[in-house]
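Chemist: Dropping a prediction and its sequence here:
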Amino acid sequence: MGARPTQAVILAGGRGERLKPITDDIPKPMIHFHGKPFLQYLIEHLKEQGFKKVLLLLGYLPEQIKEYFGNGDSFGIKIDYVTSETEDETGKRLKLAAEKLDPCFLLMYCDNYWPMQFDKMWQQFQNQSPLAQITVYSNDDHYTKSNVILDQNNYVIKYDKNRTSENLSGVDIGFAILNKEVISLIPAENINFEKVVYTRLVGEKKLTSYLTHHRYYSVGSHERLKETERFLKNTRNIFLDRDGVLNKKAPKAEYITSVKDFVWLPEAKEALLLLKENNFNIIIVTNQAGVARGKMTHADLDSIHDYMTKELLNIGVRIGAIYCCTHNWDDGCFCRKPKPGMFFYAQKDFCLDLSKTYLIGDDERDQEAGELAGCKTIILNKDLNLLKAVKDVVLQ
């Protein structure tokens, strides 16, 4: 396998028909959020992920994009362009750009943002050695219509661009690692690259997927714009485990079952107040299997959390949300840590970028869950309590 790709190719030539009348005057990747165009967020993210150059495949109103981004010097990345007719499909755009493509490159859509962690994607690509690896959003929440079926090893066994087949589960969101060999599979006609080439690769078992539960954000339609604006606002958020981070843990195999058992750890309240003063949205994520095991009721758990939140309100700290898994150890749920389900539920509720969100926990389950969710994870120990972690790491 060759070197890690440093080139990203972005398909940005369409008219953006679903966004009319906004796109009567501007191409859709130039829609602004918080003072800069959507495409700039994509390019800045690529730079953060170690990419050195971007090739933009343009069609509709190309001069607006070229004038804004130029050669990329102002953005710290090299930017080049291939411009063709607005009516050209993705296959033709790629074929026209063939001489400018690196042996291996990342292919993206101009209207989807997803906080990729490219090193993880590249590691999987190296392990499986396909001709192409797309990124697939799990779509468990039915956020959009699915267009793929994956096998247990994340090979794509069905790719349906029309989204009409039965049992589709997951959606291609771009962020595809492609071997340049795939360009030779594009016929001379003006065709949709994904519909023709991906379908062929499925038949040859050469198309794999990187599966994510992290929602993507889009400028593909009017109904997505408000949510995308919220996501790109880049608010400060932090996840905190409860027992062992905020309050003293119960002995092993026992539980905090009532308010009298809940004892704040030293300096925990001070840490929470410091987070509040620095405009963090504080989200609690906690396993509480004692409910499933009959050691306490949901009402008992609610009473503990009511006490905790009222104590914090007295010092001016408001908890944004509490996510609690009450399943037993062996229930096989997606929410009990070390599974990352609670983090993805919160991600969708708050439009979080998990790659920019801290998690502070106190054991190996927190560590594993944080890594699976893609969070910046801090594990407390006898020399590092919550206040010190906030001061020395989160606020630095």
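Modeler: Noted; the coordinates are in hand.
Chemist: Do you have the helices of the stretch 1-150 of the chain handy? List them.
Modeler: 38-48, 62-69, 90-96, 118-128 (DSSP state H, counting those that start in this stretch).
Chemist: mind putting the ones you listed in a markdown table, mean pLDDT included?
Modeler: Formatted as a markdown table, these follow (pLDDT from 0 to 100):
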| stretch | mean pLDDT |
| --- | --- |
| helix 38-48 | 98 |
| helix 62-69 | 98 |
| helix 90-96 | 97 |
| helix 118-128 | 97 |
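Chemist: Show me the one of the ones you listed that comes nearest residue 24.
Modeler: When these are compared by C-beta to C-beta, helix 62-69 sits nearest residue 24, at 12.6 Å. (Each C-beta comes from the backbone N, C-alpha and C, glycine too.)
Chemist: by contact count, what packs against the closest one?
Modeler: The helices and strands touching helix 62-69, judged by 3 or more C-beta pairs under 8 Å, 6 or more residues apart in numbering; DSSP states H and E, are helix 38-48, strand 53-58, strand 78-83.
Chemist: follow-up on the earlier one: let me have the helices of the stretch 1-150 of the chain in CSV, extended by distance to residue 196.
Modeler: Below are the helices of the stretch 1-150 of the chain laid out as CSV (distance: least, C-beta to C-beta, whole Å):
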stretch, distance to residue 196
helix 38-48, 25
helix 62-69, 25
helix 90-96, 6
helix 118-128, 22
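Chemist: now these in JSON lines, with distance to residue 23 and mean neighbour count?
Modeler: Formatted as JSON lines, those follow (distance: least, C-beta to C-beta, whole Å; neighbours: other C-beta atoms under 10 Å):
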{"stretch": "helix 38-48", "distance to residue 23": "12", "mean neighbour count": "19"}
{"stretch": "helix 62-69", "distance to residue 23": "11", "mean neighbour count": "16"}
{"stretch": "helix 90-96", "distance to residue 23": "18", "mean neighbour count": "21"}
{"stretch": "helix 118-128", "distance to residue 23": "29", "mean neighbour count": "16"}
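Chemist: Show me the one of these that comes nearest residue 157.
Modeler: helix 118-128 (14.1 Å).
Chemist: Can I get that closest one in PDB, CA atoms only?
Modeler: Output of helix 118-128 as PDB, limited to C-alpha atoms (Å, rounded to 0.1, in the frame of the first residue of the first chain):
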ATOM      1  CA  PHE A 118      -8.600  10.300   8.600                       C
ATOM      2  CA  ASP A 119      -5.900   8.300  10.300                       C
ATOM      3  CA  LYS A 120      -8.600   5.800  11.400                       C
ATOM      4  CA  MET A 121     -10.100   5.700   7.900                       C
ATOM      5  CA  TRP A 122      -6.700   5.200   6.300                       C
ATOM      6  CA  GLN A 123      -5.800   2.400   8.700                       C
ATOM      7  CA  GLN A 124      -9.000   0.500   7.700                       C
ATOM      8  CA  PHE A 125      -8.300   1.100   4.000                       C
ATOM      9  CA  GLN A 126      -4.800  -0.300   4.400                       C
ATOM     10  CA  ASN A 127      -6.100  -3.400   6.200                       C
ATOM     11  CA  GLN A 128      -8.700  -4.200   3.600                       C
END
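Chemist: do you know how far residue 366 is from residue 360?
Modeler: Taking C-beta to C-beta, to the nearest Å as the measure, residue 366 falls 8 Å from residue 360.
Chemist: quick one: common contacting residues for these two?
Modeler: Listed as contacting both residue 366 and residue 360 by C-beta atoms under 8 Å, 6 or more residues apart in numbering are 241, 377, 379.
Chemist: So which of those residues are in strands?
Modeler: Applying DSSP state E to those, the entries found in strands are 377, 379.
Chemist: which stretches of the stretch 251-396 of the chain form strands?
Modeler: 280-287, 319-325, 358-361, 376-379 (DSSP state E, counting those that start in this stretch).
Chemist: So the closest residue to residue 26 other than its chain neighbours versus residue 263, what's the distance?
Modeler: In space, and not counting its chain neighbours, residue 26 is closest to residue 64: 6.2 Å by C-beta to C-beta, 6 or more residues apart in numbering. According to C-beta to C-beta, residue 64 and residue 263 sit 60 Å apart.
Chemist: So for residue 248, what's the nearest residue that isn't a sequence neighbour?
Modeler: residue 263 (4.6 Å).
Chemist: That neighbour contacts residue 246, correct?
Modeler: No - with contact defined as C-beta atoms under 8 Å, residue 263 does not reach residue 246; the gap is 10.0 Å.
Chemist: Neighbour count: those two, which is higher?
Modeler: Taking other C-beta atoms under 10 Å, residue 263 and residue 246 do not tie; residue 246 has more neighbours (23 against 11).
Chemist: check contacts around that one.
Modeler: So residue 246 contacts 240, 264-265, 268, 272, 284, 308, 386 (C-beta under 8 Å, 6+ apart).
Chemist: ok, now residue 375?
Modeler: Contact analysis of residue 375 by C-beta under 8 Å, 6+ apart lists 239, 343, 354-355, 357-359.
Chemist: can you put the residues you listed in a markdown table and add neighbour count and pLDDT?
Modeler: As requested, those are arranged in a markdown table below (neighbours: other C-beta atoms under 10 Å; pLDDT from 0 to 100):
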| residue | neighbour count | pLDDT |
| --- | --- | --- |
| 239 | 28 | 98 |
| 343 | 26 | 98 |
| 354 | 23 | 98 |
| 355 | 17 | 97 |
| 357 | 26 | 98 |
| 358 | 20 | 98 |
| 359 | 27 | 98 |
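Chemist: distance of the residue nearest to residue 248 from residue 308?
Modeler: For residue 263, the distance to residue 308 - C-beta to C-beta - is 11 Å.
Chemist: Find residues that contact each of these two.
Modeler: Joint contacts of residue 263 and residue 308 (C-beta under 8 Å, 6+ apart) are residue 247.
Chemist: mind checking the SS state of residue 190?
Modeler: coil (DSSP: H, G, I helix; E, B strand; the rest coil).
Chemist: Spit out the contact partners of the closest residue to residue 62 other than its chain neighbours.
Modeler: Leaving out its chain neighbours, the residue that sits closest to residue 62 by C-beta to C-beta, 6+ apart is residue 83, at 4.7 Å. Residues in contact with residue 83 (C-beta under 8 Å, 6+ apart) are 13, 58-59, 62.
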